[in-house]
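1. next input, structure requested:
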Amino acid sequence: MKKLTPDEAMAVGTIAIAGTIIVGIAVCAAIGNAFGAAWGWIALGAFAAILATWLALGIIQGASDE
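-> As a prediction, the model looks like this:
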């Protein structure tokens, strides 16, 4: 596997994050429809917290690669 340039890595990361957000929102909407709106919002909050943690870890990881 070839090493990505910073620009390529940024593009891949952006696509991955966008895809994760879209899928996450879709899953949360499905949970909301299945179990009621409150559960959908709880799931969305949990998803947002996980995503924020993942992004923070990614930024830390990216900084440590320099």
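2. give me the pLDDT value at Gln61.
-> Looking at Gln61, its pLDDT stands at 66.
3. now do the buried residues in the top helix by length along the chain.
-> Assignment by DSSP state H gives helix 6-35 as the longest helix of the chain. Neighbour-count burial for helix 6-35 flags 24, 28, 31-32 (criterion: 16 or more other Cβ atoms under 10 Å). Where you see a C-beta, it was placed from the backbone N, CA and C, and this is true even at glycine.
4. quick one: low-confidence residue ranges for the chain.
-> Along the chain, the model assigns pLDDT under 70 to residues 1, 59-66.
5. picking that back up, closest to Pro6 out of the buried residues of helix 6-35?
-> Set against Pro6, the nearest of these by Cβ to Cβ is Gly24 (26.0 Å).
6. quick one: contacts for the closest residue to the closest one other than its chain neighbours?
-> Computed as Cβ to Cβ, 6 or more residues apart in numbering, the closest residue to Gly24 that is not its neighbour in sequence is Phe47, at 4.4 Å. Shown in contact with Phe47 (Cβ atoms under 8 Å, 6 or more residues apart in numbering): 24-25, 27-28.
7. which pair of those spans the longest distance?
-> Farthest-apart pair in these is Ile25 and Val27; separation 7.4 Å (Cβ to Cβ).
8. and Phe35, how far is that from Trp41?
-> 11 Å (Cβ to Cβ, to the nearest Å).
9. for Val23, same thing?
-> Counting by Cβ to Cβ, the gap from Val23 to Trp41 is 17 Å.
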